[in-house]
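> Build the 3D model from these lines:
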Amino acid sequence: MKQILKSVLVVGALVPFVANAEVNVTLHKDVEAVVVNGEELPITVMGKSQFSLENGTNQLVIRLSKLIATGSEYEKFKSDPLVVTFTSEDKEIMIEPTRQIMREAQVKDFKQSPSFTLTDQSGKTVSSQQNVLPQGPGFLRDYEKELARFNEKQGVVLGGAALTASAVANAAEASAPSNVQKTSEPTVIAPQKQVSIQPAQGVSPENSIILMQADFLRMNPETQKQFLQWAVKNVRS
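Residues are numbered from 1 along each chain as shown. Now for the predicted structure:
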């Protein structure tokens, strides 16, 4: 069972920023956070747009989430999740899509080359490394495990000793897609003190259904179709 995130990080998503916060991240209205510093966000928090983080290197998994006009109707579009890693101190950072997404043609373009811009309060670009998060096996995504595998392959260290710049560069060259924005410095992510994990508890059948429904809603449309086809074939009479 997934661990439940209960931390100051979540509190920071629910209340306005305080003056002494170190790195304040605001997401554009069409950008959705899935994972913050290795912790997958609960469905109830995933729609929040503001996070207060510690100074240093931080890592978000985000995606575009937007209603797109398809003729006379609208369809919900969720892009592939991108891992965004950046280093900053004492700044207000805005994360938004690199281009406007309004029509189906623009969705297709974004799918081919997804990317986001990070700018600070003075309008300067904040350097970041961006990679599409590869999906693991199975119908249901486990973003925490996928991110852990991604970081291991890329040479990103969570709270460990610093890697050499060449080790990080070699890992990025070996696995990064063409749309990656690379940084020249080794990427080391320190443990976030504000994150507090509580032991997993037993889940009732009713709550299990709720969790399955939440996982289903996280799938992209194609994966939802595949899952439904599998469920119909394997349903018990």
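> With just CA atoms, put stretch 82-93 into CSV.
As requested, the backbone C-alpha atoms of stretch 82-93 are provided in CSV (Å, rounded to 0.1, in the frame of the first residue of the first chain):
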residue,chain,number,x,y,z
LEU,A,82,7.9,15.3,-16.5
VAL,A,83,10.6,15.2,-13.9
VAL,A,84,11.8,18.7,-13.2
THR,A,85,15.0,19.1,-11.1
PHE,A,86,16.3,22.5,-10.2
THR,A,87,18.5,24.2,-7.6
SER,A,88,17.4,27.6,-6.0
GLU,A,89,17.6,29.6,-2.8
ASP,A,90,15.3,32.2,-1.4
LYS,A,91,13.2,32.7,-4.5
GLU,A,92,9.6,32.8,-5.7
ILE,A,93,9.4,30.5,-8.7
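> What residues of that stretch count as buried?
Of the residues in stretch 82-93, Leu82, Val83, Val84, Thr85, Phe86, Thr87, Ser88, Lys91, Ile93 count as buried by neighbour count, 16 or more other Cβ atoms under 10 Å. C-beta: built from backbone N, CA, C; applies to glycine.
> and what of stretch 104-118?
For stretch 104-118, using 16+ other Cβ under 10 Å, the buried residues are Val107, Phe110, Pro114, Ser115, Phe116, Thr117, Leu118.
> Kindly export it (C-alpha atoms) in CSV.
Output of stretch 104-118 as CSV, limited to C-alpha atoms (Å, rounded to 0.1, in the frame of the first residue of the first chain):
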residue,chain,number,x,y,z
GLU,A,104,-5.9,19.7,-30.5
ALA,A,105,-3.1,20.6,-32.9
GLN,A,106,-1.3,22.3,-30.0
VAL,A,107,-1.8,19.2,-27.8
LYS,A,108,-0.1,17.1,-30.4
ASP,A,109,2.8,19.5,-30.5
PHE,A,110,3.1,19.4,-26.7
LYS,A,111,3.0,15.6,-26.6
GLN,A,112,6.0,15.5,-29.0
SER,A,113,8.0,18.0,-27.1
PRO,A,114,6.7,18.7,-23.6
SER,A,115,8.5,21.3,-21.5
PHE,A,116,7.9,23.9,-18.8
THR,A,117,9.6,27.2,-18.0
LEU,A,118,10.7,28.2,-14.5
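> Let me know how buried Ala33 is, in neighbour terms.
The number of residues packed around Ala33, counting by other Cβ atoms under 10 Å, is 25.
> Helices of the protein, start to end?
Assigned by DSSP state H, the chain shows helices spanning 8-14, 43-46, 104-112, 143-154, 165-175, 205-218, 221-234.
> Mind giving me the packing neighbours of the second one?
With contacts defined as 3 or more Cβ pairs under 8 Å, 6 or more residues apart in numbering; DSSP states H and E, the secondary structure elements packing on helix 43-46 are helix 8-14, strand 31-36.
> what do you get for the third one?
Counting contacts by 3+ Cβ pairs under 8 Å, 6+ apart, the secondary-structure elements packed against helix 104-112 are strand 56-70.
> What mean pLDDT does the strand it packs on get?
The pLDDT scores in strand 56-70 average 91.
> Which strands and helices lie in contact with that strand?
strand 23-27, strand 31-36, strand 73-78, strand 82-88, strand 91-97, helix 104-112, helix 143-154, strand 188-189.
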